[in-house]
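In: Just need the structure, nothing else, for what follows:
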Amino acid sequence: MTNNADFSNIKLMDIVYCIESKELLSTLPESFQGIKKTPVHDWSHFLSRKALSGALETINIQVKPEDVKIERHLHIENNQELLASLSHTDGHGVGLVVQKGDFISVGIDIELRERKVKEGINKFYFNDHDSLELQADPLLLWSLKEAAFKALSPYIETLQEKTFVLKDLWINDSHFGLVSNPSRALGMVDYAYELRADDLLLISFALLADVTID
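Out: Just a heads-up that it's a prediction; the model follows:
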């Protein structure tokens, strides 16, 4: 793979994320009860919004979980300079926020590290441009692509006409791009592990660089 893009100015330490876990909370707030299909979905909705509220608080912005809204799956409502993304998994939610600067969109994904990827599912998201190291860790590759998918989705119509699926993305050498142009890196990815309520969590990040949209 050839990488012509320069992402040297992009710093992952500039991102802010927060995790919230059901086990550490007593009850589901009334304002989040019955708004989704099931109580499990209510909790997922609440945990991800509470997490994003916590991330915003880290940068001295006070927004209640019930007031957290993201426009176009891209930025905080009424603030195009604050990029944001949400994710949740069993009993955990995560929110990511970052000031718009060297990148124009972000994505985040959270998974239980112990989760097993179903046999045969690889064909739906692996491709020949993914690094062999990541292909040996199907959950990590899945999670990184989920994050990259979220980061790229708001702008995908400028890059391809076909329906956007995970298999359209490649991940290699901490970068991501589209298989339709394997020599062009669109952004960067990274991941971290966090221990919460006895669960080891995998958190994946993706940053879409502003040099990518012509």
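In: For the residue most central in space within the chain, which residues are in contact?
Out: The C-alpha lying nearest the average C-alpha coordinate of the chain belongs to I108 (C-alpha atoms, centre = their mean; 1.5 Å). By C-beta atoms under 8 Å, 6 or more residues apart in numbering, the contact list for I108 reads 17, 85-87, 94-96, 147, 150, 203-206. Where C-beta positions appear, they are placed from N, C-alpha and C, glycine not excepted.
In: element containing it, please.
Out: Assigned by DSSP states H and E, I108 belongs to strand 103-112.
In: and the angle from whichever helix or strand Y193 is part of to strand 103-112?
Out: Here Y193 is covered by strand 187-196, with elements defined by DSSP H and E. Orientation note: strand 187-196 sits at an angle of 40 degrees relative to strand 103-112 (axes from the mean of the first three to the mean of the last three C-alpha atoms, to 10 degrees).
In: from the chain's centre, how far out does strand 187-196 sit?
Out: Using C-alpha atoms, centre = their mean, to the nearest Å, the distance from the centre of strand 187-196 to the centre of the chain it belongs to is 10 Å.
In: next SSE after it?
Out: Towards the C-terminus, the helix or strand next in line after strand 187-196, according to DSSP H and E, is strand 199-209.
In: mind listing what's buried in that next one?
Out: Residues 199, 201-209 are the ones in strand 199-209 that count as buried (16 or more other C-beta atoms under 10 Å).
In: R49 versus the residue nearest to F103 when sequence neighbours are not counted, what's the distance?
Out: With C-beta to C-beta, 6 or more residues apart in numbering as the measure, L207 is the residue that lies nearest to F103, at 4.3 Å, once sequence neighbours are left out. Counting by C-beta to C-beta, to the nearest Å, the gap from L207 to R49 is 22 Å.
In: now stretch 60-68: how far from the chain's centre is it?
Out: How far stretch 60-68 lies from its chain's middle: 20 Å, per C-alpha atoms, centre = their mean.
In: Kindly report the same for stretch 133-153.
Out: Centroid displacement of stretch 133-153 relative to its chain, using C-alpha atoms, centre = their mean, is 9 Å.
In: Residues in contact with it: which ones?
Out: Surrounding stretch 133-153, the residues in contact under the criterion C-beta under 8 Å, 6+ apart are 73, 85, 87, 105-111, 113, 115-117, 121-122, 125-126, 130, 159, 164, 166, 169, 171-172, 176, 186-187, 189, 191, 202, 204-208.
In: mean confidence score for it?
Out: Over the span of stretch 133-153, the pLDDT mean works out to 97.
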